[in-house]
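> Sequence and predicted structure are below.
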Amino acid sequence: MKRVINIICYLFLIIFAIATLFPFIYMVLAGLMTYSEATSIPPTILPAEFQWVNYAQVFAKSPFLQYFINTVFVSAVTTIATLITSTLASFALTSLNFKFKNVVLAVMVSLLMVPYESIIFTNYNTISKLGLLNTYTALIIPFLTSIFYIYYLNTYLRGISSTFYKAAKIDGASDLEYIWKILIPMSKPALTTVGILTFISSWNSFLWPLLVTNDKSMRLLNNGLSAFATESGSDIHLQLAAATLTVIPILIVYLIFRKEIIRGVAKDGIKG
């Protein structure tokens, strides 16, 4: 009976794996098809001949390199800023004693329940009134920190014994020295997870860049895919080739750091 259950579980895993991977595989293959093959019904699974020229047309038809540079810059700045602000805030909530700390934490947790879509237009009005539309500042400011990652790091750091902080203070270390020399090395798995997930989220952002940028030179990769849509239709094969170029870098980042992500999520901290 146990063997039958195991076989059924493996079958379900195989089915779900195929269902998960097939759209990505088809996107890569369709990006190497001609327009007629990519739009054929029933759909063509394999191209008759790989159209590598599609990727050259992607760069010729749109400022795709500029989109890539914009996305890398915005994602990098957002990730660094989120790591800094989340680390400092979670340290304060974990190690420092101040009035209404529990109230602050409760408010932060309650804000996690507020959908992002409910505040996006308020953020847009603020950015618009400040005259920051079509700037890198508009793309970055709303994402300089994250309540979710502050709460996540706060939970992780609570697993680190407070004796480390007390010993550092006795030795005359400042708070910043304790954070840099002790806290960050001890919480490296969690910080790596925060950094990678923040980078992926920023890389995949779509709605906010679409709202605050009208100039093509300021668009990000996901918004740049609209460059292959015209009034007469879309160049599906070019869109899928561009989508492949958009996904591959972030997929490489994930494959390189996947163990760190799992370790950061699975580990609750250092007990002592």
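Thanks, I have the structure now. In this text, all values refer to a predicted model and were calculated from it rather than measured experimentally. Numbering: from 1, shown residues only.
> Can you name the helix or strand that Ile41 falls in?
Secondary-structure assignment from DSSP states H and E places Ile41 in no helical or strand segment.
> May I have the phi/psi pair for it?
Reported as degrees, to the nearest 10, the phi and psi values for Ile41 are phi -130, psi 120.
> wait, is Leu32 part of a helix?
No. Residue assignment for Leu32, taken from DSSP: H, G, I helix; E, B strand; the rest coil, gives coil, which places it outside any helix.
> can you pull the contacts of it?
By C-beta atoms under 8 Å, 6 or more residues apart in numbering, the contact list for Leu32 reads Pro47, Phe50, Gln51, Trp52, Asn54, Ala241. Heads up, the C-betas are built off the backbone N, CA and C, glycines and all.
> Now the fourth one: closest residue in space that isn't a chain neighbour?
Leaving out its chain neighbours, the residue that sits closest to Trp52 by C-beta to C-beta, 6 or more residues apart in numbering is Leu32, at 6.9 Å.
> quick one: pLDDT of the one you found?
According to the per-residue confidence, Leu32 scores 89 in pLDDT.
> Output the below-cut-off pLDDT ranges for the stretch 151-272 of the chain.
Counting by pLDDT under 70, the stretch 151-272 of the chain contains low-confidence ranges at 230-233, 264-272.
> where exactly do the helices run in it?
Along the stretch 151-272 of the chain, the stretches classed as helices by DSSP state H, counting those that start in this stretch are 163-170, 175-178, 184-186, 188-203, 207-212, 221-224, 236-266.
> residues of the fifth one that come out buried?
In other words, helix 207-212. The neighbour-count check on helix 207-212 (16 or more other C-beta atoms under 10 Å) flags Trp208, Pro209, Leu211, Val212 as buried.
> JSON lines please, covering the residues you listed and showing distance to Ile14.
Output for those, formatted as JSON lines (distance: C-beta to C-beta, whole Å):
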{"residue": "Trp208", "distance to Ile14": "37"}
{"residue": "Pro209", "distance to Ile14": "37"}
{"residue": "Leu211", "distance to Ile14": "41"}
{"residue": "Val212", "distance to Ile14": "43"}
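> And the average pLDDT for the host helix or strand of Leu139 is what?
Take DSSP H and E as the rule and Leu139 turns out to sit in helix 136-140. Averaged across helix 136-140, pLDDT comes to 93.
> same deal with stretch 62-74?
Per-residue pLDDT values over stretch 62-74 give a mean of 91.
> how about Leu225, what does it touch?
Contact analysis of Leu225 by C-beta under 8 Å, 6+ apart lists Gln239, Ala242, Ala243, Thr246.
> could I get these as TSV with neighbour count and distance to Thr192?
Conversion of the contacts of Leu225 to TSV gives the following (neighbours: other C-beta atoms under 10 Å; distance: C-beta to C-beta, whole Å):
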residue	neighbour count	distance to Thr192
Gln239	21	33
Ala242	27	29
Ala243	20	27
Thr246	21	23
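> can you pull the contacts of the closest residue in space to Met108 that isn't next to it in sequence?
In space, not counting the residues next to it along the chain, Met108 is nearest to Ile147; the distance is 5.2 Å by C-beta to C-beta, 6+ apart. Contact partners of Ile147, counting by C-beta under 8 Å, 6+ apart, are Met108, Leu111, Leu112.
> ok so, going back, residues contacting the helix holding Leu139, please?
Applying C-beta under 8 Å, 6+ apart, the external contacts of helix 136-140 come out as 70, 73-74, 77-78, 81, 127, 132, 208-209, 212-213, 218, 220.
> Return the members of those classed as buried.
The neighbour-count test (16+ other C-beta under 10 Å) marks 70, 74, 77-78, 81, 127, 132, 208-209, 212-213, 218, 220 as buried among the contacts of helix 136-140.
> closest to Pro63 among the residues you listed?
For the buried ones among the contacts of helix 136-140, the closest approach to Pro63 (C-beta to C-beta) belongs to Asn70, at 9.5 Å.
> So the closest one belongs to a helix, correct?
Yes. The assignment for Asn70, made by three-state DSSP, places it in a helix.
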